[in-house]
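Asks: Here is a sequence with its predicted model. Questions after.
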Amino acid sequence: MAIKKIMCCCGSGIGSSLMLRMNVEKVLKQMGKTGIEVTHSTTSDAQAGAADLFCVGADLEEFVSSKGEYIALKNIMSAVELRAALEEKFAKLG
Amino acid sequence: MIAEMLKKENVQIVESVADWKEAIHVAVQPLVDGGYVEARYIDGIIENTYAMGPYYVLIDDVALLHARPEQGCIEKQLGVTIVHEPVHFAEDGSKDARLLVTLSATDGEGHIAVMGALASLFMNEEKIATLVKSNSVDEVYEIFMNSSEE
């Protein structure tokens, strides 16, 4: 299952999730990945099938861990950590 | 960019607060006074913290306090509070912050440029170090005003 849609989540869908989405978009660009939809939303929107990959800060891991493939970041502002995590997921899922 | 959402009157510096709940009250109050959020926005952030933890402590020393638009946002706006004595958002001390940025956003997208500028600022350790020790509202305001998306 190739990654076509990434959903970044936080508790309210307007703050940290948006920052995370901007970082994901930046890192995808660096990686030369195109045609991937990146959205941001609340953890309540993180339902199985809503995205191919969920992205959250480590404190919200429990809200996505049963919903499918996910990345839980220790530091949501770290492009280095994010890139390593995304590369791992792309290697696994394509 | 940040100029669209931050007014100097919503920047404040305090020495200390009793606990994280008082920190949220103090940090959101200017936006309540200015009519940018309803008073219940404060309770919303506190409720969300009990439900999901202090996920808004984005990096060491920085909290981006916010709740969902429907929890009482009226108009998009930022508030900045420096608390010289770190606020403990987690009991174990893993989520301490001295820079509290309060965000009111009426939808998920309208403040995207400002968030880009904030993200750049938050990743600048030197500027954060200056902000958390500052005693000057003017200095804090200028640092925010001079931040833009990289």
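Replies: Cool, got the structure. Since the model is a prediction, treat every value here as computed from it, not as a measurement.
Asks: middle-most residue in chain B, spatially?
Replies: Centroid-nearest residue in chain B, with C-alpha atoms, centre = their mean: B:Val101, separated by 1.2 Å.
Asks: and A:Val38, helix, strand or coil?
Replies: Look at A:Val38: counting by DSSP: H, G, I helix; E, B strand; the rest coil, its state is strand.
Asks: From A:Cys9, how far out is it?
Replies: 12 Å (C-beta to C-beta, to the nearest Å). The way it works is simple: take the backbone N, C-alpha and C, and place the C-beta from them, glycine included.
Asks: again with B:Glu85
Replies: 32 Å.
Asks: shaky segments in the chain?
Replies: I'll assume chain A. Within chain A, the segments meeting pLDDT under 70 span A:1.
Asks: ah, I was thinking of chain B
Replies: Ranges of chain B meeting pLDDT under 70: B:150.
Asks: Can you tell me which residues in it are near chain A?
Replies: Within chain B, the positions near chain A by C-beta under 8 Å from any C-beta of the partner chain are B:48, B:51-56, B:58-59, B:64, B:66-69, B:71, B:103, B:105, B:107-108, B:111-112, B:115-116, B:118-119, B:122-123.
Asks: which SS class is B:Val80?
Replies: strand.
Asks: Tell me what it is bridged to.
Replies: Here B:Val80 sits in beta bridges with B:Val11, B:Val101, going by DSSP bridges.
Asks: Wait, it touches B:Gln12, no?
Replies: Yes. Taking C-beta atoms under 8 Å as the definition, B:Val80 is a contact partner of B:Gln12 at 7.4 Å.
Asks: Which one's more surrounded, the two?
Replies: B:Val80 (23 against 18; other C-beta atoms under 10 Å in any protein chain shown).
Asks: List the residues that contact that one.
Replies: B:Leu6, B:Asn10, B:Val11, B:Gln12, B:Leu99, B:Leu100, B:Val101, B:Thr102, B:Val140, B:Tyr141, B:Phe144 (C-beta atoms under 8 Å, 6 or more residues apart in numbering or on different chains).
Asks: all strands of chain A, in order?
Replies: Assigned by DSSP state E, the strands in chain A fall at A:5-10, A:37-42, A:53-57, A:70-73.
Asks: Tabulate those in JSON lines, adding columns for distance to chain B and mean neighbour count.
Replies: As requested, the strands of chain A are exported to JSON lines (distance: least, C-beta to the nearest C-beta, whole Å; neighbours: other C-beta atoms under 10 Å in any protein chain shown):
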{"stretch": "strand A:5-10", "distance to chain B": "6", "mean neighbour count": "26"}
{"stretch": "strand A:37-42", "distance to chain B": "6", "mean neighbour count": "18"}
{"stretch": "strand A:53-57", "distance to chain B": "6", "mean neighbour count": "27"}
{"stretch": "strand A:70-73", "distance to chain B": "11", "mean neighbour count": "21"}
